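Okay, here's the prediction I keep looking at, along with the sequence it came from:
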Amino acid sequence: MKDKTGRDIDYLRISLTDKCNLSCIYCKGSEKHKKELSVSEIEKIVKGFASCGIKKVRLTGGEPLLRSDIAEIIRSLKKIDGIEKIVLTTNGILLKAYAKELKNAGLSAVNISLDTTDQKQYAELTGADKLKDVFEGIKAAQEVGLSPVRINSVLIKGKNDDSAKELISLAKHNEIDVRFIELMPFTKEGRDEDKIVTGDEILNLFPELTLIENKDEKSVARYFTAEGFKGRIGLITPVSNKFCSKCNRIRLLSDGKVRPCLGDEKEIDLMPFIDNEAKLLEAIKYAIMNKPTNHSFNCEYGNFHSMNQIGG
Ligand code: SAM
């Protein structure tokens, strides 16, 4: 379905839980957790979205692998008419244990968040000494045939920007894309503009990177390569260079609210309509139609959903 500006909205991102097994300095949620949607509630809502033209679903969170029913969720979404692709964003810590089951359930691809390759820095950034588990998760995802397996990194000045070179070298030596996402103003850390490492700053530091054609028209990343690279470097620049005019996404939060735009706090609660198919559909259509034209990050810190509830 097209929104009021004519964008074709066909990609739903679902935050399955606001709980996380990491406590990243720029992504800390509240200690209080909201009730999570059940498998059948998720299924009802996604059926509604699918009838409006959603084709791709990304499961995220919080940490989606903390849901012990994650494989059941994937199986139930896989059966919905119109849903062509189910993908996952995870910190990778539990991926080794789940990769095969999720692939068998119908998962196609996985994005793994990794902001440094240094064990000490990883523990400082995330509050957990789990870097080894993440690398085992990446390997397991590749071995079971999830494709693509991509790494997403957020760089913060003075914290982990010195890790850019090592992260880039993962794409040099492996058939894996490493994508840098600009720090967005969600927590106190993200509201400090001096901490953002922009896409252009990365290109200035690594002038050997050259732009390559991105065949995926819906992708919001610009991709780069350099001589001898097996994988690609991606830049996603929601702060320095917005891509709102080509945004095809809508988000379902872990508590059943729809957030049409990541950077706008307007939300529509679907829970009052969860047992009324017609009204649920009406609310979903309203949310798609009224997706804000541009993101403004107009959310007051401390007075809105955290990234864990919204789903990154
Ligand atoms: N736990 C999963 C993970 O780590 O991938 C999924 C949820 S996490 C919120 C998803 C992504 O959002 C992560 O890659 C994280 O780096 C990113 N993220 C969180 N807060 C952010 C912020 N303020 N700016 C940019 N990216 C952010």
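Here it is on my side, so go on.

can you tell me which residues contact the residue in the stretch 201-312 of the chain positioned nearest to the ligand?
Nearest to the ligand, among the residues of the stretch 201-312 of the chain, is residue 312, at 2.1 Å (C-beta to the nearest ligand atom). C-betas here are computed from N, CA, C, even on glycine. Contacts here follow C-beta atoms under 8 Å, 6 or more residues apart in numbering; on that basis residue 312 touches 27, 60, 89, 113.

redo that, cut-off 7 Å
60, 89 (C-beta atoms under 7 Å, 6 or more residues apart in numbering).

What pLDDT does the model give it?
With respect to pLDDT, residue 312 has a value of 72.

same deal with residue 303?
46.

And residue 300, by the same measure?
53.

cool, and residue 234?
98.

what does residue 21 give?
The model reports residue 21 with a pLDDT of 96.

Same check on residue 206?
pLDDT for residue 206: 96.

who's in contact with it?
Counted by C-beta under 7 Å, 6+ apart, residue 206 has contacts residue 168.

State the helix or strand in which the closest residue in space to residue 166 that isn't next to it in sequence lies.
Excluding the flanking residues, the one nearest residue 166 by C-beta to C-beta, 6 or more residues apart in numbering is residue 117, at 4.3 Å. Following DSSP states H and E, there is no helix or strand that holds residue 117.

Up against the ligand, what does the protein have?
Within the chain, the positions near the ligand by C-beta under 6 Å from any ligand atom are 20, 26-27, 60-61, 63, 89-91, 113, 152, 154, 181, 183-184, 186, 190, 307-308, 312.

Show me what residue 109 bridges to in the sheet.
residue 87 (DSSP bridges).

Tell me if I'm right that the residue nearest to residue 166 and residue 165 touch.
No - applying C-beta atoms under 7 Å as the test, residue 117 and residue 165 come out as separate, 9.6 Å apart.

coming back round to it: do you know the pLDDT at the residue nearest to residue 166?
98.

With residue 149 as the reference, measure out to it.
16 Å (C-beta to C-beta, to the nearest Å).

Can you pick out the residue with more neighbours from the two?
residue 149 (26 against 19; other C-beta atoms under 10 Å).

Give me the secondary structure label for residue 258.
strand (DSSP: H, G, I helix; E, B strand; the rest coil).

residues touching the residue nearest to residue 166, list them.
163, 166, 167.

The second one: neighbouring residues, count only.
Using other C-beta under 10 Å, residue 166 has 13 neighbouring residues.

mind checking the end-to-end distance for stretch 73-85?
End-to-end distance for stretch 73-85, by C-alpha to C-alpha, to the nearest Å: 13 Å.

Since that was my last question, I'll sign off now.
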